[in-house]
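K.L.:
sharing a sequence plus its predicted fold:
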2 protein chains.
Amino acid sequence: MPNGQENRQFHIAMRLSFDGTRYHGWQRQKNAVTVQETVETALFRALGEEITVQGCGRTDAGVHALDYCADFFTDCRIPPERLPFAVNAELPPDIAVKSAGYAAPDFNSVLSCVKKEYKYRIFLAKLRDPFETSRSLFYPYPLRLPQMREAARWICGTHDFAALRSVGTETKTTIRTVHWIELDEYESSLEIRVCANGFLYNMARAIAGTLLYVSEGKLAPEELPAILESEDRRRAGPTAPPQGLYMNRLWYGDEASGMPEI
Amino acid sequence: MPNGQENRQFHIAMRLSFDGTRYHGWQRQKNAVTVQETVETALFRALGEEITVQGCGRTDAGVHALDYCADFFTDCRIPPERLPFAVNAELPPDIAVKSAGYAAPDFNSVLSCVKKEYKYRIFLAKLRDPFETSRSLFYPYPLRLPQMREAARWICGTHDFAALRSVGTETKTTIRTVHWIELDEYESSLEIRVCANGFLYNMARAIAGTLLYVSEGKLAPEELPAILESEDRRRAGPTAPPQGLYMNRLWYGDEASGMPEI
């Protein structure tokens, strides 16, 4: 973001949450409404300044965030603890700022992020629920959790994840470290939490789709090492649909020590 | 519904749930999309027959249902247990049939209903939550639950509820019996459940608005008897907004003994 704004007086980081149903993802783009431009418009109205925000990562159309970080530079003297109220008044009801604080000068929402956790929600019932629409994957089939957990163990660790992402975004390397994959069982849903030092394009959804493929018996858990080694996207499971995916948790390093937690 | 359809061979009752955000309430009307007409269109597509459904009550625009009952007559021989799957395939994602079964010939979703429970959800937080939008009343203030509970006790029982309803729907009498008002506390929400033998137009929302008025100190709990006796709508609290209200539970008498429970 070397656009001159970094010479402004204050560097602010904020935590947001949003229902991504109506948006074509986070990142500003032509001819489509995104969360970034909606937040920038609200900041302009609240602070009276053209502001470019740096988000912690792209998200796909329809993907949600329970915790999302974005930082920006401003000359506006608004106390950060007032910022959520001022900005929320200008935001549509499906986006909210949850907290804000001063960030160190060299803080960067994407580069300073040391690990991220995505959550994938699967709604388990024979009949769909109107209140789950666009908030989970409706999955009216039994799950084989032991097999899913075994496959998840093979995915954890440092691997080349070329077989578990979509091509489309440039990246220096497709090697990432998955710290954990947890399967949390609830009364009528399963949540898959995946934590990694970084995610390739569609990686979280490819992992969810692959675990469902394993549950359906279309892949055996022990095939995962060979699939990863093949770097062949076609050998893994499909990319699970976006409405089940939530950016869930973010971890920042020391330079963000002043950052607000939500 | 004396439209000739009652001469058809089968009488079916079904339980539905719907997110009312997009709808102008249950009841069919000109120039506005309602749940009833949407369900009737889906039944026509699924069963190949023009069907008029009898719902268990009107709901306002934006009001939801976790349990709603509607019955209809048909010559279609679809087994009722298959009906939810067939009809849900034709319904938009914010309405779903949860169960269906044969009803007695004299069953009527509205007349056979012996009591109903509405739930009013209040989301309690300083900052709004994008995932609560249109599903609760955002209320960033402290609540005085003891006072609310005391007022609720005065509302329970058999009274003339003219002071706690909106004028607009004809009714023989404004006397109703409120069986209970329960205030359920959750981590970041309060749910007010009101059960009565019948509800006047806007009565559930007027009760919720009046309890909030009591919490805010604008009314004292012990004023409730005089307010009810006055039959003066202006003396009670305001009608709480629709997005917090859910038709929550229905009870039917013996003639509905074959009815499916959800």
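P.N.:
Looks like it came in fine. Numbers count the residues shown, from 1 in each chain, chains lettered A, B, ... in the order given.
K.L.:
burial count for A:Glu187?
P.N.:
A:Glu187: 6 surrounding residues under other C-beta atoms under 10 Å in any protein chain shown. To be clear about C-beta, it is placed using only N, CA and C from the backbone, and glycine gets the same treatment.
K.L.:
three-state assignment of it?
P.N.:
coil (DSSP: H, G, I helix; E, B strand; the rest coil).
K.L.:
and it, what does it touch?
P.N.:
Listed by C-beta atoms under 8 Å, 6 or more residues apart in numbering or on different chains, A:Glu187 has no contact partners.
K.L.:
quick one, helices of the stretch 101-250 of chain A?
P.N.:
For the stretch 101-250 of chain A, applying DSSP state H, counting those that start in this stretch gives helices covering A:145-155, A:203-215, A:224-230.
K.L.:
buried deepest among those, which one?
P.N.:
When you average the neighbours per residue for each of those (mean count of other C-beta atoms under 10 Å in any protein chain shown), helix A:203-215 leads with a mean of 25.
K.L.:
report all helices and strands that that helix contacts.
P.N.:
strand A:113-123, helix A:145-155, strand A:175-185, strand A:189-196, strand A:245-252 (3 or more C-beta pairs under 8 Å, 6 or more residues apart in numbering or on different chains; DSSP states H and E).
K.L.:
and of the ones you listed, who's closest to A:Glu231?
P.N.:
Closest approach to A:Glu231 among the helices and strands packed on helix A:203-215 is made by strand A:175-185 (10.7 Å; C-beta to C-beta).
K.L.:
report the angle between that closest one and strand A:189-196.
P.N.:
160 degrees (axes from the mean of the first three to the mean of the last three C-alpha atoms, to 10 degrees).
K.L.:
can you give the strand pairings for strand A:175-185, parallel or anti for each?
P.N.:
strand A:157-160 (antiparallel), strand A:189-196 (antiparallel) (DSSP bridges).
K.L.:
so what's the closest residue to chain B within the stretch 101-250 of chain A up against?
P.N.:
As assessed by C-beta to the nearest C-beta, chain B sits closest to A:Thr133 within the stretch 101-250 of chain A, at 4.0 Å. Applying C-beta under 8 Å, 6+ apart to A:Thr133 gives the contacts A:Gln243, B:Asp19, B:Pro93, B:Asp94.
K.L.:
circling back: could you dump the helices and strands packed on helix A:203-215 into CSV and include distance to A:Ala89 and mean pLDDT?
P.N.:
CSV is the format used below for the helices and strands packed on helix A:203-215 (distance: least, C-beta to C-beta, whole Å; pLDDT from 0 to 100):
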stretch, distance to A:Ala89, mean pLDDT
strand A:113-123, 28, 96
helix A:145-155, 42, 97
strand A:175-185, 35, 96
strand A:189-196, 32, 98
strand A:245-252, 24, 96
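K.L.:
among the ones you listed, which is nearest B:Glu40?
P.N.:
strand A:113-123 (26.9 Å).
K.L.:
out of everything not next to it in sequence, what's closest to A:Val97?
P.N.:
Spatial nearest neighbour of A:Val97, excluding adjacent residues (C-beta to C-beta, 6 or more residues apart in numbering or on different chains): A:Pro84 at 4.2 Å.
K.L.:
tell me the confidence at the one you found?
P.N.:
Confidence at A:Pro84, expressed as pLDDT, is 97.
K.L.:
that one - how many residues pack around it?
P.N.:
23.
K.L.:
looks to me like it is in a strand.
P.N.:
No. Using three-state DSSP, the assignment for A:Pro84 is helix, not a strand.
K.L.:
tell me the contacts of it?
P.N.:
Applying C-beta under 8 Å, 6+ apart, the residues near A:Pro84 are A:Met14, A:Ala96, A:Val97, A:Lys98, A:Ser99, A:Ala100, B:Leu127.
K.L.:
which of these lies closest to B:Pro79?
P.N.:
Distances from B:Pro79 to these, taken by C-beta to C-beta, are shortest for A:Ala96, at 46.0 Å.
K.L.:
state the distance from A:Ile35 to A:Met247.
P.N.:
Let me fix one detail, which is that residue A:35 is Val and not Ile. Between A:Val35 and A:Met247 the computed distance is 11 Å (C-beta to C-beta, to the nearest Å).
K.L.:
what do these two both touch?
P.N.:
Contacts common to A:Val35 and A:Met247, judged by C-beta under 8 Å, 6+ apart, are A:Thr59.
K.L.:
and the strands in the stretch 1-150 of chain A?
P.N.:
A:10-18, A:54-55, A:64-74, A:95-102, A:113-123, A:137-138 (DSSP state E, counting those that start in this stretch).
K.L.:
the second one pairs with which strands?
P.N.:
Right, the one you point to is strand A:54-55. In its sheet, and by DSSP bridges, strand A:54-55 pairs with strand A:64-74 (antiparallel).
K.L.:
any idea how far the partner strand is from the chain center?
P.N.:
11 Å (C-alpha atoms, centre = their mean, to the nearest Å).
K.L.:
again with stretch A:47-60
P.N.:
Stretch A:47-60 sits 15 Å away from the centroid of its parent chain (C-alpha atoms, centre = their mean).
K.L.:
excluding chain neighbours, what is closest to A:Thr210?
P.N.:
Closest to A:Thr210 by C-beta to C-beta, 6+ apart is A:Gly237, at 3.5 Å.
K.L.:
for the one you found, the count of nearby residues, please.
P.N.:
22.
K.L.:
can you check the one 3 residues further on too?
P.N.:
Neighbours of A:Ala240 under the rule other C-beta under 10 Å: 24.
K.L.:
quick check: pLDDT value at it.
P.N.:
If you check A:Ala240, the pLDDT there is 96.
K.L.:
does it really touch A:Met203, like I thought?
P.N.:
No. Using C-beta atoms under 8 Å, A:Ala240 makes no contact with A:Met203, being 11.2 Å away.
K.L.:
before we move on, the earlier item: a markdown table for the strands of the stretch 1-150 of chain A, including mean neighbour count?
P.N.:
Putting the strands of the stretch 1-150 of chain A into a markdown table (neighbours: other C-beta atoms under 10 Å in any protein chain shown) gives the following:
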| stretch | mean neighbour count |
| --- | --- |
| strand A:10-18 | 23 |
| strand A:54-55 | 22 |
| strand A:64-74 | 24 |
| strand A:95-102 | 21 |
| strand A:113-123 | 21 |
| strand A:137-138 | 20 |
